[in-house]
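*Asks:* I would like the atomic coordinates for the input below:
(chains A and B)
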Amino acid sequence: DIQMTQSPSSLSASVGDRVTITCRASQSINSYLNWYQQKPGKAPKLLIYAASSLQSGVPSRFTGSASGTDFTFIISSLQPEDVATYYCQQSYSTWTFGQGTKVEIK
Amino acid sequence: EVQLLESGGGLVQPGGSLRLSCAASGFTFSNYAMTWVRQAPGKGLEWVSTLTGSGGSTYYADSVKGRFTISRDNAMNTLYLQMNSLRAEDTALYYCAKSFYDTSGAEAFDIWGQGTVVTVSS
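*Replies:* Model prediction:
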């Protein structure tokens, strides 16, 4: 089974800050990596698919990139409405989620 | 509007059974794989099971293999999850989700329901 290691588990940043979350796959997954946002008490929402493609309607401050088995998710300018837990997910071989990163406002 | 609505959750004793349903609307249900994902209280997301659009292929997490069965009724636009031999560790909010495919073949879950709560306890 493919394992996804996501870091950090939580972070606190100021409004307007650049936020970076990373996810490492235990083996090659090509670019079959997705990012989801889950706000408290809500269902997850797809933000980015195939490592770097922005889902329709998602603000452009959210971006994703890939380098080998390492994947990066960036919020370029943190907004109050971005408070949430973010999950990576591989879809190369069945499906596996990362452990999640809780993002808070400082 | 594309929508998924789960139902069937509840309180069940260890060893018991429960069947979850997910009613879909707003898209051609039979064209898409469908998935169950669960979230234990205060924990992260865990993929549970996926079923292809035709119903021809099923996939299960090791944690539920042999106990849970995913199925669908494309005429009724409904996805099911039959859960048997339930354990305390199956306690979670269960979401159904629709698959989305891009031109490269990458797959993601683009539509999610609001979930139904399953509690396994004596």
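
*Asks:* now the strands for chain A?
*Replies:* Secondary structure of chain A (DSSP state E): strands located at A:4-7, A:10-13, A:19-25, A:33-38, A:45-49, A:53-54, A:62-67, A:70-75, A:84-90, A:96-97, A:101-105.

*Asks:* residues of chain A that sit close to chain B?
*Replies:* Residues of chain A lying close to chain B (Cβ under 8 Å from any Cβ of the partner chain) are A:1, A:31-32, A:34, A:36, A:38, A:43-46, A:49-50, A:53, A:55, A:85, A:87, A:89, A:91, A:94-100. (Each C-beta comes from the backbone N, C-alpha and C, glycine too.)

*Asks:* just the buried residues of those residues.
*Replies:* Among the residues of chain A next to chain B, the ones that count as buried by 16 or more other Cβ atoms under 10 Å in any protein chain shown are A:31-32, A:34, A:36, A:38, A:43-46, A:49-50, A:53, A:55, A:85, A:87, A:89, A:91, A:95-100.

*Asks:* for B:Met76, the count of nearby residues, please.
*Replies:* Neighbour count for B:Met76, taken as other Cβ atoms under 10 Å in any protein chain shown: 12.

*Asks:* for chain A, see how far away the closest residue to B:Arg19 other than its chain neighbours is.
*Replies:* With Cβ to Cβ, 6 or more residues apart in numbering or on different chains as the criterion, B:Arg19 has its nearest non-adjacent residue at 5.0 Å, and that residue is B:Gln82. According to Cβ to the nearest Cβ, to the nearest Å, B:Gln82 and chain A sit 20 Å apart.

*Asks:* phi, psi of B:Ala88?
*Replies:* Backbone torsions of B:Ala88, given as degrees, to the nearest 10, read phi -60, psi -40.

*Asks:* skip the chain neighbours and tell me the closest residue to it.
*Replies:* Nearest to B:Ala88 is B:Val120, by Cβ to Cβ, 6+ apart, at 5.2 Å.

*Asks:* and for B:Gln3?
*Replies:* Once flanking residues are discounted, B:Gln3 sits nearest to B:Ser25: 4.9 Å by Cβ to Cβ, 6+ apart.

*Asks:* neighbours around the one you found, how many?
*Replies:* As a burial measure, B:Ser25 scores 11 neighbours (other Cβ under 10 Å).

*Asks:* give me the most central residue, chain B.
*Replies:* B:Trp36 (2.3 Å; Cα atoms, centre = their mean).

*Asks:* give the contact list for B:Gln3.
*Replies:* B:Gln3 makes contacts with B:Ala24, B:Ser25, B:Gly26, B:Ile111, B:Gly113, as judged by Cβ atoms under 8 Å, 6 or more residues apart in numbering or on different chains.

*Asks:* would you mind giving those residues as CSV with secondary structure and pLDDT added?
*Replies:* Converted to CSV, those look like this (DSSP: H, G, I helix; E, B strand; the rest coil; pLDDT from 0 to 100):
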residue, secondary structure, pLDDT
B:Ala24, strand, 98
B:Ser25, strand, 98
B:Gly26, coil, 98
B:Ile111, strand, 98
B:Gly113, coil, 98
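
*Asks:* for the residues you listed, which one is nearest chain A?
*Replies:* B:Gly113 (6.6 Å; Cβ to the nearest Cβ).
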